[in-house]
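Visitor: what shape does this take:
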Amino acid sequence: MSETARAREGADGHVTAAPESAHDATARPLRAWQRRALTKYLTRKPRDFLAVATPGAGKTVFGLRVAAELLSDRTIEAITIVTPTEHLKHQWAASAEHAGIAIDSNFRNTTGVTSSDYQGVALTYAQVAAHPNLHRVRTENRRTLVILDEIHHAGDAKSWGDAVSEAFTPAVRRLALTGTPFRSDDTPIPFVTYEPDTDGALRSRADHAYNYADALADGVVRPVVFLAYSGEASWRTSAGDEFSARLGEPLTAEQTARAWRTALDPGGEWIPAVFQAADTRLTQLRAGGIPDAGGLVIATDQEQARAYAKLLAGISGEAPVVVLSDDPKATRRIAEFGESRDRWLVAVRMVSEGVDVPRLAVGVYATSASTPLFFAQAIGRFVRSRRQGETASIFLPSVPVLLELASELEAERDHVLGKPHREKDGWDDELIVAANRTDDERGEEEKAFTSLGASAELDQVIYDGNSFGTAVFSGSEEEQEYLGLPGLLDAEQMRALLRKRQSEQLADAERRKPAKAEREPEAAPRPASVNERIKSLRKELNTLVGLYHHRTRKPHGAIHNDLRRICGGPPTAMATVEQLEERIATLRSW
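Guide: This is a model prediction of the structure:
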């Protein structure tokens, strides 16, 4: 441990600021988790160290503090920072400059050298993979600390992992950082330690972990409220057959993919309704204590992104900023949005891990991506806390895989070798991607696939792993109650308010039942059509499922499956009036 580090280590083992240090980085106050991790690092002096910390917790500050300490005691002479994207290279360099460390983020393989005024360089994983021998020689020539940001990218492609291993094996120190869950596959990540699990698989071992639950308890990140929207989706196949399915109900993977794709169609009713709700929420947050709150729509592809931007412009009265993957000005546009007071940003996978736009407070998850990795990256853009009480609101389709990910936001995930990715839920992103290909990419059968429309209903609100509320129509007073939640609430206040709103909603539903029964004999309504009866019965069934869920905590899908097992018949979307009535009666008897 350096002399300056010893001078700063207190009786509790925590490392505090050191004004006497030559590096500004060591004078910057650290958060509790950063102090604990730094103490662990300086005590052990490991060659390899893996820190897993939730997005927004401050991995960059921790990494630069480690670098400053190692420079100070001359353990290292140079620093190499490796990131997933060009944008992050420059972001790391800017943070390093504030910490008193000069990093060249414009280093090019073709040049191979940089000014001696710099203490290190920032690269991308692709840059390392393009010329691993060059970076190996650079690493061998000087005692080097390599900071591998979002280290899981070294396992994305075998060539990247091989290149990282080849280039940085000679490094005297390697610090691996990640803020998103690893996935399960057969490719080990370089410089990560694996240990046998209870079931025989090899699982990655972090040297220090700081998950979302920890950060939320410490007030380091914002509470995230998920507003899940269901609705009836209809589509027509190439054979001319028409199908309907309700988002959130137990469906086959193919049915869910089709219903999901239909809901995300900018020409339907679901997207405009959800955009309207999200813009209302953004307005409420701006008026309620977060005046610069911004919103982000994550789209599946460029075509949808442009269509979404037009819809948002009409709804909000302000043209959103659009960021596309092939736009050379994408990084600059993101940075300008972060410094502005513009309402909305629409992007296609551009605003992902590490991109720092702290004022983002409302998100619309309008993409077909469903891996835990991408979901965590996306949600990580909204959790960075700037002041006590700020909350984030994410609008998303009521699709089982997304609801599960939202409910498990606080779960820790390690990298597991030898297990197929997503084996727990049986989902395959390729199926979802196939449902969103362009006409040129689809087969003849898929070309005639036509979205006929999808309605939108607020199905449930997910917070802290729990579900609140019952299904309400888009634009209803009940929906406005949830959209009007105060923007400045701590975690416990948010939990208490959601419980209160849910109790009021359930009480109102119970009070309305007798009044309706008394009025019905006086009226002489026209006989309801089959379509109206089915729609009404589906809504009643889903409301009852929501009520039963809140009493038992049993997932909505499991309740529907139990009803089908007992009553028989097809999924709700295909059930007859008689079958729906039987399920309603059965559920009421429970």
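Visitor: quick one: the strands in the stretch 151-300 of the chain, in order.
Guide: In the stretch 151-300 of the chain, the strands defined using DSSP state E, counting those that start in this stretch lie at 173-178, 184-185, 194-196, 202-204, 208-210, 224-236, 242-247, 294-299.
Visitor: out of those, which is the most enclosed?
Guide: strand 294-299 (a mean of 27; mean count of other Cβ atoms under 10 Å). The C-beta positions use only the backbone N, C-alpha and C, and glycine is treated the same way.
Visitor: name every strand pairing with that strand and say which way it goes.
Guide: Strand 294-299 pairs in its sheet with strand 344-347 (parallel), strand 360-366 (parallel), by DSSP bridges.
Visitor: who touches it?
Guide: Outside strand 294-299, the residues that touch it by Cβ atoms under 8 Å, 6 or more residues apart in numbering are 275, 278-279, 282, 305, 308, 312, 320, 337, 341-349, 351, 357, 359-367, 378, 381-382.
Visitor: re the thing from before, in TSV: the strands paired with strand 294-299, plus mean pLDDT, distance to His135 and mean neighbour count.
Guide: Formatted as TSV, the strands paired with strand 294-299 follow (pLDDT from 0 to 100; distance: least, Cβ to Cβ, whole Å; neighbours: other Cβ atoms under 10 Å):
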stretch	mean pLDDT	distance to His135	mean neighbour count
strand 344-347	94	30	27
strand 360-366	95	34	26
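Visitor: can I get these in a markdown table with distance to Thr450?
Guide: Formatted as a markdown table, the strands paired with strand 294-299 follow (distance: least, Cβ to Cβ, whole Å):
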| stretch | distance to Thr450 |
| --- | --- |
| strand 344-347 | 25 |
| strand 360-366 | 20 |
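Visitor: could you chop the chain up by domain?
Guide: Following automatic domain parsing, one finds the domains of the chain at 3-216, 227-410+417-487, 524-589.
Visitor: okay, which residue is most central for the protein?
Guide: Geometric centre of the chain, nearest residue: Ile379, 2.6 Å, by Cα atoms, centre = their mean.
Visitor: that older thread, closest one to Lys500 among the domains of the chain?
Guide: Nearest to Lys500 among these is domain 227-410+417-487 (9.8 Å), distances taken as Cβ to Cβ.
Visitor: and that closest one, how far apart are its ends?
Guide: 14 Å (Cα to Cα, to the nearest Å).
Visitor: out of everything not next to it in sequence, what's closest to Asp342?
Guide: Nearest non-adjacent residue to Asp342, counting by Cβ to Cβ, 6 or more residues apart in numbering: Val321, 5.7 Å away.
Visitor: what pairs with the one you found across the strands?
Guide: Going by DSSP bridges, Val321 forms beta bridges with Leu345.
Visitor: does it really touch Arg333, like I thought?
Guide: Yes. Between Val321 and Arg333 there is a contact under Cβ atoms under 8 Å: 5.9 Å.
Visitor: quick one: average confidence on stretch 297-315?
Guide: Average pLDDT, stretch 297-315: 93.
Visitor: what does stretch 188-208 give?
Guide: Stretch 188-208 comes out at a mean pLDDT of 83.
Visitor: got it, and stretch 263-274?
Guide: 93.
Visitor: in it, what counts as buried?
Guide: Residues of stretch 263-274 classed as buried by neighbour count (16 or more other Cβ atoms under 10 Å): 263-266, 268-274.
Visitor: again, but for stretch 87-106
Guide: Across stretch 87-106, burial judged by 16+ other Cβ under 10 Å covers 87-96, 99-101, 103-105.
Visitor: contacts only, for the residue lying closest to Gly453 once chain neighbours are set aside.
Guide: Excluding the flanking residues, the one nearest Gly453 by Cβ to Cβ, 6+ apart is Gly268, at 4.8 Å. Gly268 makes contacts with 262, 451, 453-454, as judged by Cβ under 8 Å, 6+ apart.
Visitor: repeat that with 6 Å
Guide: 451, 453-454 (Cβ atoms under 6 Å, 6 or more residues apart in numbering).
Visitor: just send the residues you listed back as CSV, with pLDDT too.
Guide: Shown next, in CSV, are the contacts of Gly268 (pLDDT from 0 to 100):
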residue, pLDDT
Ser451, 82
Gly453, 83
Ala454, 85
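Visitor: and those, which of them are in strands?
Guide: Judged by DSSP state E, strands contain the following of the contacts of Gly268: 451, 453-454.
Visitor: can you pick the most crowded of those?
Guide: Counting neighbours by other Cβ atoms under 10 Å, Ala454 comes out on top of the ones in strands among the contacts of Gly268 with 29 neighbours.
Visitor: I'm done for today, thanks for sticking with me.
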